[in-house]
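Asker: return atomic coordinates for the entry below.
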Amino acid sequence: MRNASLQQGSLPLRQRHAIVRPWLKKVDADASDVQNYRPVSNLALIAKVVERLVSRQLVTFFKHIRLMPSVQSAYRSDAGDRRARNLDKKLASNF
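Answerer: Below is the predicted model:
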């Protein structure tokens, strides 16, 4: 199903729905005020799997054609944490 979805560019109809529930933004927020809620959607498992596969393929492609800037930390696993640790080490060595 995963490969067929990627080849066809779409998911089967039964996998294209999400359950959307209101979620209170803060625990101590007024539950009677609708502005204190945000929508949270739960996708079907296969939709999440396909989403992750497409994301990985895109990031790999962008890296391959050097379209991903070296300072880009979003969409890279541990990139932000690694840079933060390296910066901490540099700062600590200056003292």
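
Asker: worst mean pLDDT across the helices and strands of this structure, which element?
Answerer: Every helix and strand in the chain was compared by mean pLDDT, DSSP states H and E; the lowest is helix 79-93, with a mean of 64.

Asker: how far away is L11 from E51?
Answerer: L11 sits 10 Å away from E51, going by CB to CB, to the nearest Å. The way it works is simple: take the backbone N, C-alpha and C, and place the C-beta from them, glycine included.

Asker: neighbour-wise, which of those two wins?
Answerer: Ranked by neighbour count (other CB atoms under 10 Å), L11 and E51 place L11 first, with 20 against 12.

Asker: phi, psi of the more buried one?
Answerer: phi -100, psi 160 (degrees, to the nearest 10).

Asker: what's the closest non-adjacent residue to it?
Answerer: Nearest non-adjacent residue to L11, counting by CB to CB, 6 or more residues apart in numbering: S5, 5.2 Å away.
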